[in-house]
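1. Sharing a model that was predicted from the sequence below.
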Amino acid sequence: GPAMAHRWSYEAMVGLIPEGLHIDHLCSVRACVNPYHLDPVTPRVNVQRSRPTRSTHCNHGHEFTAANTYWLGRKRTCRECNRIASVYKNAQKAGVLGPLSTERRFYRRLVTA
């Protein structure tokens, strides 16, 4: 089948990728084909270096602490975001929320409250 561009770039400029290794993007840009940004690693190392495992905060800025984090399978979930989503969903069911712009303002009020 067709080779992925980053693998082709590495093999053309550096050499063959050892059997069983993945190419890790050191720059964290998946579209990057610069061979100096590519590193052959085991699948385990590739996952360990991934961005989600390095993050210390959720997408809304809440810190991942033992008290504020739970796992759904392999995914970390923020308890505070889940609480806000519950309040939001209950407000929707109660008919409190209006159009999208109002919903965004409602979310901001929950986050800052």
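-> Okay, I see it. These numbers were taken from a predicted model, which means no experiment stands behind them.
2. Going by C-alpha atoms from here, please, whenever you check contacts or count neighbours.
-> Noted.
3. Would you check how far apart residue 10 and residue 31 are?
-> 13 Å (Cα to Cα, to the nearest Å).
4. who's more crowded, the two?
-> Between residue 10 and residue 31, counted using other Cα atoms under 10 Å, residue 10 has the larger neighbour count: 21 against 10.
5. can I assume that one sits in a helix?
-> Yes - counting by DSSP: H, G, I helix; E, B strand; the rest coil, residue 10 is part of a helix.
6. Pull the contacting residues for it.
-> Applying Cα atoms under 8 Å, 6 or more residues apart in numbering, one finds that residue 10 lies in contact with 16, 17, 33, 34, 35, 38.
7. Buried residues, the helix or strand residue 90 falls within. List them.
-> Here residue 90, judged by DSSP states H and E, is contained in helix 79-93. Along helix 79-93, these residues count as buried under the neighbour rule (16 or more other Cα atoms under 10 Å): 79, 80, 81, 88.
8. How about the second one, nearest residue that isn't a chain neighbour?
-> In space, residue 80 comes closest to residue 68 once its chain neighbours are excluded; the distance is 6.7 Å by Cα to Cα, 6 or more residues apart in numbering.
9. what's the neighbour count on that neighbour?
-> 15.
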